[in-house]
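Chemist: Here is the input, now give the coordinates:
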Amino acid sequence: METDKITEQLKQIRDELLNLTNSPLYAYRKENGYFPVSGQGSHYAHIMFIGEAPGRNEAKTGRPFCGAAGKLLDQLLESVGIKREEVYITNIVKDRPPQNRDPLPEEIEIYAPFLDRQIHIIQPKVIATLGRFSMEYIMKKFGLTSELKPISQIHGKVFKSNPLLGQSITIIPLYHPAAAIYNQHLKETLLEDFKALNQFK
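Modeler: Numbering: from 1, shown residues only. Next comes the predicted model:
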């Protein structure tokens with residue numbers, strides 16, 4: 001896909017999100033002066049990271065993973081020699097839920113088509129899911145429902161998408177960095193799991 005076309009299509013998604021008045025999170029966004037968080041990174045990324053939903057820092061700036069979890073994500077990327085600007089980072093839900101609560105099914109339903117379009121436009125070779133909500137959505141979408149187990153059992157494992165669904169994508173479920181901020185054991189697990197990305201750089 002041509003450079004300008006890709007940029008144009010991703011801008012279109014951003015603009016649509018700005019005007020997504022039928023979202024259950026739109027009023028909360030406007031009340032707080034927040035922004036939707038579309039995504040950030042290389043439009044030609046081989047690796048796409050998908051989190052759950054923006055936090056306060058992200059909603060204030062419109063940038064994904066720019067708070068404490070983002071700093072940890074940067075460290076994890078650095079640990080395997082990957083630059084942040086080489087990957088694409090987004091979330092399944094593009095607006096901040098109140099009190100950073102878990103995304104609701106109806107919120108995932110309204111925002112997931114935007115994520116689907118981002119995946120189609122960027123065409124990553126690898127999708128690394130961060131947290132259980134994006135793990136469940138992506139594994140089901142790419143024909144891996146039978147492989148789904150609690151994240152504690154499949155984190156760091158490498159799955160290949162169902163070839164009947166078109167482009168072959170590698171899926172790697174990972175813990176969300178936010179869960180590891182105050183948990184050294186989980187941080188060590190993430191550092192170990194990130195090594196699975198080495199072969200895709």
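Chemist: helices or strands next to the helix with the most length in the chain in the packing?
Modeler: Assignment by DSSP state H gives helix 105-122 as the longest helix of the chain. If you count contacts as 3 or more C-beta pairs under 8 Å, 6 or more residues apart in numbering; DSSP states H and E, helix 105-122 packs onto helix 3-18, strand 47-51, strand 88-91, helix 132-141. C-beta here means a position set from N, CA and C on the backbone, and glycine is covered the same way.
Chemist: tell me the centre residue of this structure?
Modeler: I50 (1.2 Å; C-alpha atoms, centre = their mean).
Chemist: pretty sure that residue contacts K141?
Modeler: No - using C-beta atoms under 8 Å, I50 is not in contact with K141; the gap is 10.7 Å.
Chemist: beta partners for K160?
Modeler: Beta bridges link K160 to T170 when assigned by DSSP bridges.
Chemist: what ranges of the chain fall below the confidence cut-off?
Modeler: 1-3, 164-166 (pLDDT under 70).
Chemist: What about it, which residue is the most distant from its middle?
Modeler: Distance to centre of the chain, C-alpha atoms, centre = their mean, peaks at E31 (25.1 Å).
Chemist: bridging residues for the closest residue to A45 other than its chain neighbours?
Modeler: Nearest non-adjacent residue to A45, counting by C-beta to C-beta, 6 or more residues apart in numbering: Y88, 3.9 Å away. According to DSSP bridges, the residues that bridge with Y88 are G41, M48.
Chemist: which residues touch the residue nearest to the centre of the chain?
Modeler: T90, N91, I92, L115, I127, A128, T129, L130, S134, I138 (C-beta atoms under 8 Å, 6 or more residues apart in numbering).
Chemist: Swap in 10 Å and give it another go.
Modeler: 39, 64, 88-92, 115, 118-119, 124, 127-131, 133-135, 137-138, 171, 174 (C-beta atoms under 10 Å, 6 or more residues apart in numbering).
Chemist: same question, I92
Modeler: Taking C-beta under 10 Å, 6+ apart, one finds 50-53, 103, 107-108, 111-112, 114-115, 129-131, 133-138 in contact with I92.
Chemist: before we move on, what about R56?
Modeler: By C-beta under 10 Å, 6+ apart, the contact set of R56 is N32, Y34, G67, R96, Q99, N100.
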